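*Asks:* Generate coordinates for the sequence data below:
(2 chains)
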Amino acid sequence: MLDKIFTGGKKYWAWMIFLSSIIGAGTLAYLHQYEVGLGVTGMGRDVTWAFYISQLTFFVGVAASAVMVVLPYYLHDYKKFGKITILGEFLAIGAVIMCMTFVFVDMGQPLRVVNMFLHPQLTSPMFWDSVSLMGYLVLNIVISRVVLNAERNGVKPPKWIKPVIYTSIPWAVSIHTVTAFLYCGLAARPFWMSAIMAPRFLATAFAAGPALLIIICFVLRKVSKFDVGKDAIQKLAVIAAYAMFANIFFLALEFFTAYYSGMHHHTQHFQLLYVGLEGNSSLVPWMWTSTVLAAISLYILINPNTRKNEKILGFGAIAVFLSIWMDKGMGLIIAGLVPNPLGYVVDYTPTLIELTISAGIFALGALIISALYKSVLTIRRQV
Amino acid sequence: MKRRDFITATALAAAFGLAGKPVYNVLASKDALASKTGKRLAMVIDLKKFEGNSEMMNKCVDACHSMHNVPDIEGAKEEVKWIWPEPFEHAFLEQNNQFIPENIQNNPILIMCNHCDNPPCVGVCPPKATWKRAEDGVVMMDWHRCIGCRYCMAACPYGSRSFNWRDPRPKIKNITANFPTRSKGVVEKCTFCDERIVKGLEPACVVASKMYEPEAMVFGDLNDDKSNIRKILSENYSIRRKPELSTQPEVYYLI
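*Replies:* Residues are numbered from 1 along each chain as shown, chains lettered A, B, ... in the order given. The predicted structure follows:
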């Protein structure tokens, strides 16, 4: 199946070379960080987790969202998702590899990561997060490979793959639940210590993931003969609409408990995000942009006239994706750490090195996903 | 009922029964207090005795930092510190009442790792590079095992942990030969001078404070009912940092 990666036209190769050059730049930046230490990033003794861990959190969601095509197709026999199930699984593979890379570049002693498996602390959510992410990666590699090989050979997939596929469904939910457990069990961080952190994560995942799939389907229509069909895209849009609504509802619940109880150490993090705190307002424009995009996307997704117009729907999908990325990939992690436990409001700005390394990881994910999509489209003769 | 079903049902019931006991124990657990066996090392800091004596306070910090090869890094972003003075409003931010006496408001307070009985940093550390020592309750660190994920720093409610954002060695003024230096990319913190405790010595900061005041800092075993620290705590009302989080911090402050 992977042999098809290395066939392709000029545009395909240009795209892959473009991504590779970004990966190269990211690698060089990482070598610098490896040499000097994490001091080359904008993080410090108070904002100890920032852009890298935020991206991990966001892309675990993208990975988990594959379940939103796998579940309707395999559990409800929704045939119209037949063509994109594999796209969802490949997206998950790329996203999980991005997540693992983001964790890796965030480590102070990356070569010692093996200690986590030699001496595992079973009460640490980080240990379980790595276990569940690796398991999810293996599940998706096995499933996509077996199903695609069967399709290529024109035979039915073997029977044993069904239970493996069924396992991947709760497993997808588990990876994002455990990611939420990284944060929501910490008494030291009132902003994160919320029982709806895991449902919130899942809602954002099931909105941003299908939105990204819609965007990908539109792109594939442009660059290949692959067309998933109007119905499948509409179904994805409806899923994204429900999930986005749930996400906004959960966020409103967080606001209610913080502001109705009036507990300062809960509200101050919202203040940092939405109005600024003690002169620190660097996240405020991001959060309001996220809010406006959320409102626009909800309008586009809920109103049938706009949803069914694929040109407008494209904008809606981009709005969902960006809105959630700003909320989860920018605000959530940093706001949990500021003010710090001693009440100091500190600022965080990612450095160019940090952003270059991150761009390299984004490009790595895009490269993996492009290569995998290339192979499936070649096999289906839809290039 | 068929025999096979009966055996299955019995096995399931037994499994639930076995699982039930630990589940019940978790649900019924009370605030974690240190074990009553072994030592339970703790510290009392008498704020009145530090009043107006910033020299004593600085000597305590210097004694610790020079003995433990703590680098001297400018700027709050990458600072490494094991024990340091902090204003009352930050050390005790939940207890910063509006009209507190000036002496409390204006005198900084020494803070450090609280060596909690229920340390959140220990449970989250993926490779068990930090742990609570069973025999005396000290929260220890293995700087050769730490992977630098900084989860312990996110979990600590006291900001007591520092990370080496760069190689700390060029920033150490005079290296103390018999104590390890750290490499970049690992977390470090106060260990109650575990290397001195095993020799029967008191922590460096306590010794430094005794040059000025005999009982400004008192170190001892809370499980020993005849210890001086127990006597002081039963005769004076003490406060602790963020006790509401159930971490059971073992540094007590007399105000």
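*Asks:* Name the single longest helix found in chain A.
*Replies:* What stands out as the longest helix in chain A, according to DSSP state H, is helix A:230-261.
*Asks:* For B:Arg241, give me its contacts.
*Replies:* B:Ala91, B:Phe92, B:Ile111, B:Asn114, B:Pro157, B:Tyr158, B:Pro249, B:Val251, B:Tyr253 (Cβ atoms under 8 Å, 6 or more residues apart in numbering or on different chains). Placement of C-beta: from N, CA and C, glycine included.
*Asks:* same thing with A:Thr306?
*Replies:* Applying Cβ under 8 Å, 6+ apart to A:Thr306 gives the contacts A:Tyr299, A:Ile300, A:Ile312, A:Leu313, A:Gly316.
*Asks:* Quick check: phi and psi on residue 176?
*Replies:* No chain specified, so I'll use chain A. Torsion angles at A:His176 (phi, psi; degrees, to the nearest 10) stand at phi -80, psi -20.
*Asks:* same question, B:Leu12
*Replies:* Dihedral angles for B:Leu12 - degrees, to the nearest 10 - are phi -60, psi -40.
*Asks:* same check, this time on B:Asp5
*Replies:* Main-chain torsions, B:Asp5, degrees, to the nearest 10: phi -60, psi -40.
*Asks:* Which pLDDT value does the model give it?
*Replies:* Confidence at B:Asp5, expressed as pLDDT, is 83.
*Asks:* And for A:Gly8?
*Replies:* 76.
*Asks:* Count the neighbours of it for me.
*Replies:* Applying other Cβ atoms under 10 Å in any protein chain shown, we find 18 residues neighbouring A:Gly8.
*Asks:* and the residue nearest to it when sequence neighbours are not counted, helix, strand or coil?
*Replies:* Of all residues not flanking A:Gly8 in the chain, A:Lys374 sits nearest, at 6.0 Å (Cβ to Cβ, 6 or more residues apart in numbering or on different chains). What DSSP: H, G, I helix; E, B strand; the rest coil gives for A:Lys374 is helix.
*Asks:* Repeat that for B:Ile104.
*Replies:* With three-state DSSP as the basis, B:Ile104 sits in helix.
*Asks:* to the chain's geometric centre, what's the distance from stretch B:67-82?
*Replies:* In terms of Cα atoms, centre = their mean, to the nearest Å, the centre of stretch B:67-82 is found 18 Å from the chain centre.
*Asks:* if we can go back for a sec, is there a quick PyMOL command that grabs whichever of the contacts of A:Thr306 are buried?
*Replies:* Buried members of these can be picked out in PyMOL with the line below, counting by 16 or more other Cβ atoms under 10 Å in any protein chain shown:
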select buried, chain A and resi 300+312+313+316
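*Asks:* Point me to the residue of chain B nearest chain A.
*Replies:* The nearest approach of chain B to chain A comes at B:Gly148, 1.9 Å away (Cβ to the nearest Cβ).
*Asks:* Give the phi and psi angles for the residue lying closest to that residue once chain neighbours are set aside, as a check.
*Replies:* Excluding its sequence neighbours, the residue lying closest to B:Gly148 (Cβ to Cβ, 6+ apart) is A:Gly108, at 1.9 Å. Here is the backbone geometry of A:Gly108 (degrees, to the nearest 10): phi -70, psi -30.
*Asks:* you'd agree A:Gly108 is up against B:Asp167?
*Replies:* No: contact criterion Cβ atoms under 8 Å: A:Gly108 and B:Asp167 do not qualify, at 11.5 Å.
*Asks:* follow-up on the earlier one: for the longest helix of chain A, what is the distance to the chain centroid?
*Replies:* Computed by Cα atoms, centre = their mean, the chain-centroid distance of helix A:230-261 equals 16 Å.
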